[in-house]
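In: starting from these lines, generate the structure:
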Amino acid sequence: MGGALEARGIDAAAGRLTSQAEGEVYVEDRVLVIKKIHVQYTLRGCPDDKREAAERAHSHHASRCPVAKSIEKAIEISTDLTFE
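Out: So this is what the prediction gives:
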């Protein structure tokens, strides 16, 4: 996500972009299985004139993220982006 923001001229370094992930874990055949992951991104200090670009980067992020693409068939992934 940070790289996509930086490519659009949005500074995501030095703690400006943070994320918090939460998963839903179930038991199947006595084995813990992760079924869902939700990632909450927070972008601090984004100029108003760059917010639309940041939202666009976020909307395309999962389809371009190697981790998301690797696990998408097994784990439902959702994300949100908030600005501070």
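
In: is E52 within a helix or a strand, and which one?
Out: helix 51-64 (DSSP states H and E).

In: how far off centre is that helix?
Out: 9 Å (C-alpha atoms, centre = their mean, to the nearest Å).

In: what is it packed up against?
Out: helix 2-7, helix 66-71, strand 76-83 (3 or more C-beta pairs under 8 Å, 6 or more residues apart in numbering; DSSP states H and E). Where C-beta positions appear, they are placed from N, C-alpha and C, glycine not excepted.

In: which of the ones you listed is buried the deepest?
Out: helix 2-7 (a mean of 16; mean count of other C-beta atoms under 10 Å).

In: could you export that helix as CSV, CA atoms only?
Out: C-alpha atoms of helix 2-7 as CSV (Å, rounded to 0.1, in the frame of the first residue of the first chain):
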residue,chain,number,x,y,z
GLY,A,2,2.8,2.4,0.9
GLY,A,3,4.4,1.9,-2.5
ALA,A,4,1.2,2.7,-4.3
LEU,A,5,0.8,5.9,-2.3
GLU,A,6,4.4,7.0,-2.8
ALA,A,7,3.9,6.4,-6.6
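
In: which secondary structure elements does it sit against?
Out: For helix 2-7, the packing partners by 3+ C-beta pairs under 8 Å, 6+ apart come out as helix 51-64.

In: by how many degrees do the helix it packs on and strand 76-83 diverge?
Out: Put simply, helix 51-64 runs at 160 degrees to strand 76-83, going by axes from the mean of the first three to the mean of the last three C-alpha atoms, to 10 degrees.

In: quick check: mean pLDDT of helix 51-64?
Out: When pLDDT is averaged over helix 51-64, the result is 94.

In: list the buried residues for that helix?
Out: By 16 or more other C-beta atoms under 10 Å, the buried positions in helix 51-64 come out as 53-54, 57-58, 61-62.

In: one step back: distance to E28 for the helices and strands packed on helix 51-64 - can I get that in TSV?
Out: Compiled in TSV, those are given as follows (distance: least, C-beta to C-beta, whole Å):
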stretch	distance to E28
helix 2-7	34
helix 66-71	16
strand 76-83	15
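
In: of all these, which lies closest to V27?
Out: strand 76-83 (17.1 Å; C-beta to C-beta).

In: who does that closest one pair with, and is each partner parallel or antiparallel?
Out: Sheet pairing here is set by DSSP bridges, and for strand 76-83 it gives strand 31-43 (parallel).
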